[in-house]
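Chemist: just a sequence and a predicted model for now, questions to come.
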Amino acid sequence: MIMTTQTNQDQCAGARIAALLPIMDERYARLKGTLSQAAAGADIPDWRLDLERADLATVLEVMTPPPADDDDEE
């Protein structure tokens, strides 16, 4: 039963990552473009950099599976 649960959790984690990967790519590309503009001398407001960085961090956080619950094995 534990093996089936672990397999199901792995499949769910894989599906979550696959579903969010295009969003993560888009958010990363947006932040990279903004940072490139800033490096080239463009006047980018701090709030925009903070927003784009937080946007990417949020997607990465959602993609990360929660820690395993070890209490179930005891």
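Modeler: That came in fine, so what should we check first?
Chemist: what about the closest residue to residue 62 other than its chain neighbours, neighbour count?
Modeler: Leaving out its chain neighbours, the residue that sits closest to residue 62 by CB to CB, 6 or more residues apart in numbering is residue 20, at 6.2 Å. All C-beta atoms are positioned from the backbone trio N, CA, C, and that covers glycine. A total of 15 residues lie near residue 20 under the criterion other CB atoms under 10 Å.
Chemist: where's residue 20, which helix or strand?
Modeler: helix 2-39 (DSSP states H and E).
Chemist: show me where the protein dips below the pLDDT cut-off.
Modeler: Scanning the chain with the threshold set as pLDDT under 70 gives 1-6, 68-74.
Chemist: which ones are touching residue 24?
Modeler: Counting by CB atoms under 8 Å, 6 or more residues apart in numbering, residue 24 touches 56, 59-60, 63.
Chemist: which of the residues you listed lies closest to residue 50?
Modeler: Nearest to residue 50 among the contacts of residue 24 is residue 56, at 11.2 Å by CB to CB.
Chemist: ok, now how distant is the closest residue in space to the closest one that isn't next to it in sequence from residue 16?
Modeler: Spatial nearest neighbour of residue 56, chain neighbours left out: residue 27 (4.3 Å); criterion: CB to CB, 6+ apart. Going from residue 27 to residue 16 by CB to CB, to the nearest Å gives 16 Å.
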